[in-house]
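Asks: I need the structure of the sequence given here:
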Amino acid sequence: MPSVIQKRSYNSVTVYSIDEQSIWAALKGFTTELTQRPEVLAVLVFGSLVNGQLGVGSDVDVLLILARSDRSFLDRPPVYSPGRFPVDMDIFPYTLAEVRAGQPIAQEALLHGRVLWSRTPLDSLLPGKEVGE
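Replies: Numbers count the residues shown, from 1 in each chain. Presented below is the predicted three-dimensional model:
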């Protein structure tokens with residue numbers, strides 16, 4: 001997978017930038033894979049990619065809402081991590097019950113993130129919760 005970090009030199013100045021289109025394309029592919037998993041109810045992206053502060057060294061923050069899980073929270077991320085992704089990714093796989101209980105990171109993602117996919121509309125999964133885009 002080619003690097004999403006682009007380097008341009010202008011005499012004595014070197015400028016690094018991020019190819020956001022490649023990251024969004026990789027997210028689309030990752031989301032498509034997740035839709036095949038019946039326990040995944042929704043996929044949201046939040047953080048620097050969504051709020052316009054993405055820079056060299058930034059990661060991508062992804063909230064997964066799961067129907068249920070028998071694993072502890074700390075044991076869940078490796079189960080859902082993509083094999084390859086162009087930048088670091090933090091995955092937050094919370095169950096629907098945890099999200100409904102007000103888990104703070106999930107609430108941040110719901111308020112300020114972008115829904116990439118949802119098996120059913122989020123307002124039906126999370127009545128009374130405010131959901132961003």
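
Asks: If you drop the residues flanking it in sequence, what lies closest to Val60?
Replies: Met89 (4.8 Å; CB to CB, 6 or more residues apart in numbering). Where C-beta positions appear, they are placed from N, C-alpha and C, glycine not excepted.

Asks: so that neighbour makes contact with Ser58?
Replies: No - between Met89 and Ser58 there is no contact under CB atoms under 8 Å: 10.6 Å.

Asks: So between the two, which is more surrounded?
Replies: Met89 (19 against 15; other CB atoms under 10 Å).

Asks: and the gap between the more buried one and Ser72?
Replies: Using CB to CB, to the nearest Å, one gets 20 Å for the distance from Met89 to Ser72.

Asks: next one: Leu34
Replies: The value you get for Leu34 to Ser72, if CB to CB is used, is 20 Å.

Asks: Over to Ser58?
Replies: 28 Å.

Asks: hmm, who's touching the lengthiest helix in the chain?
Replies: Secondary structure of the chain per DSSP state H: the longest helix is helix 20-34. Contact partners of helix 20-34, identified using CB atoms under 8 Å, 6 or more residues apart in numbering, comprise 1-2, 4, 40, 43, 45, 49, 54, 60, 62, 64, 80, 82, 85-87, 116-117.

Asks: can you map out the helices along this structure?
Replies: Using DSSP H, helices in the chain cover 20-34, 48-51, 77-80, 96-100, 104-112, 122-125.

Asks: Buried residues, the longest one. List them.
Replies: For helix 20-34, burial by neighbour count (16 or more other CB atoms under 10 Å) applies to Ser22, Ile23, Ala26, Leu27, Phe30, Thr31, Leu34.

Asks: Also the second one?
Replies: In terms of neighbour count (16+ other CB under 10 Å), helix 48-51 has its buried residues at Leu49, Val50.

Asks: Lowest mean pLDDT among the helices and strands, pick that one out for the chain.
Replies: Lowest by mean pLDDT, DSSP states H and E among the helices and strands of the chain is strand 5-10, with a mean of 56.

Asks: Leaving out sequence neighbours, find the closest residue to the spatially most central residue of the chain.
Replies: Closest to where the C-alpha atoms of the chain average out (CA atoms, centre = their mean) is Val62, at 1.9 Å. Spatial nearest neighbour of Val62, chain neighbours left out: Ile91 (5.1 Å); criterion: CB to CB, 6+ apart.
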